[in-house]
Every structure is written in structure tokens, then in C-alpha cells.
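Asker: structure for this input, please:
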Amino acid sequence: MKRGTVTATNCATSGNIAVLAQNKYPLLIGLILVRAIDASLTYYGLSVGLREANPIVVRVIEALGVIPGLFFLSSVSLVLLLFLGEYLLPGVAQSRHNINLWSNVAYLSVLIVWSAVSLHNMVLIWI
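Answerer: A predicted model of the protein is given here:
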């Protein structure tokens with residue numbers, strides 16, 4: 001392996017990491033949108049006769065009602081995620097670059113999972 005090739009690879013990798021570390025706000029907006037879509041699809045699914053499979057969500061909906069329960073769960077999940085990404089990870093990471101990188105990796109990972117859940121709800125509704 002040539003030394004120049006390694007340098008080029010390291011520059012490209014560090015550039016990608018820098019881009020991921022800087023793009024926090026689009027990820028946060030995406031998380032909020034995906035939570036709103038998931039809550040809307042859950043509400044619609046419940047209104048057409050589907051049942052919620054998550055027992056925690058069922059208990060909260062029974063206690064608070066459908067719309068307040070879904071709003072509460074979406075809000076709590078977003079606040080917990082922001083707490084994790086902005087306050088817990090800084091205690092683990094040392095430099096600000098690492099904090100931004102790891103919080104954005106966490107946000108991106110959760111965005112992918114929540115998007116898959118919303119897609120699953122959409123498939124269940126329209127089948």
C-alpha cells in the first residue's frame with residue numbers, strides 16, 4: 001500500500017466525518033417529522049380498527065387518551081433522545097468534534113429506526 005493512497009483515504013474519511021458532525025439541525029428536523037408521521041399513522045390505524053402492539057403505548061393511551069397519549073410519547077421520546085445526544089454523550093466524549101459526531105450518529109440511527117417503524121405502520125394501514 002502506498003503512503004499517498006492512505007493519506008487520500010484519510011482525507012476523504014475525515015471529510016465525511018466532518019460533514020456528519022456538522023449536520024445536526026437537519027437530523028433534528030427529520031426526527032421531529034418522523035415522530036409526527038408515526039403518531040399520525042398510529043392515530044389513523046387505531047381509528048380504522050387496528051390495535052397497538054406496544055404495551056407501553058397501550059397503557060399511556062388508556063391513561064391519557066389517544067391524541068394526548070401519542071403527543072406525550074412522541075415528546076418524551078424526543079426529549080430523551082436530545083438528552084442523550086446533548087448531555088450524556090458529552091460526558092463520554094472528550095473533544096467537541098467527537099461529541100457532535102457521536103450525537104449525530106445516535107440521531108441518524110434513531111431516525112432510521114423511527115422511519116422503519118413509520119413505514120411498517122403505513123404498510124399495515126394500506127394492506
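
Asker: buried ones in stretch 102-110, by neighbour count?
Answerer: Buried residues in stretch 102-110, counted by 16 or more other Cβ atoms under 10 Å: 102, 103, 104, 105, 106, 107, 110. Where C-beta positions appear, they are placed from N, C-alpha and C, glycine not excepted.

Asker: per-residue confidence for residue 79?
Answerer: Residue 79 carries a pLDDT value of 90.

Asker: cool, the one 3 residues further on as well?
Answerer: Here the pLDDT value assigned to residue 82 is 85.

Asker: next: the one 10 residues further on.
Answerer: Reported pLDDT at residue 92 in the predicted model: 58.

Asker: and what of residue 20?
Answerer: 56.

Asker: equivalent analysis for residue 69, please.
Answerer: 95.

Asker: what secondary structure does it sit in?
Answerer: Secondary structure state of residue 69, per DSSP: H, G, I helix; E, B strand; the rest coil, is helix.

Asker: for residue 52, same thing?
Answerer: coil.

Asker: find the residue closest to it in space, skipping its chain neighbours.
Answerer: residue 58 (5.0 Å; Cβ to Cβ, 6 or more residues apart in numbering).
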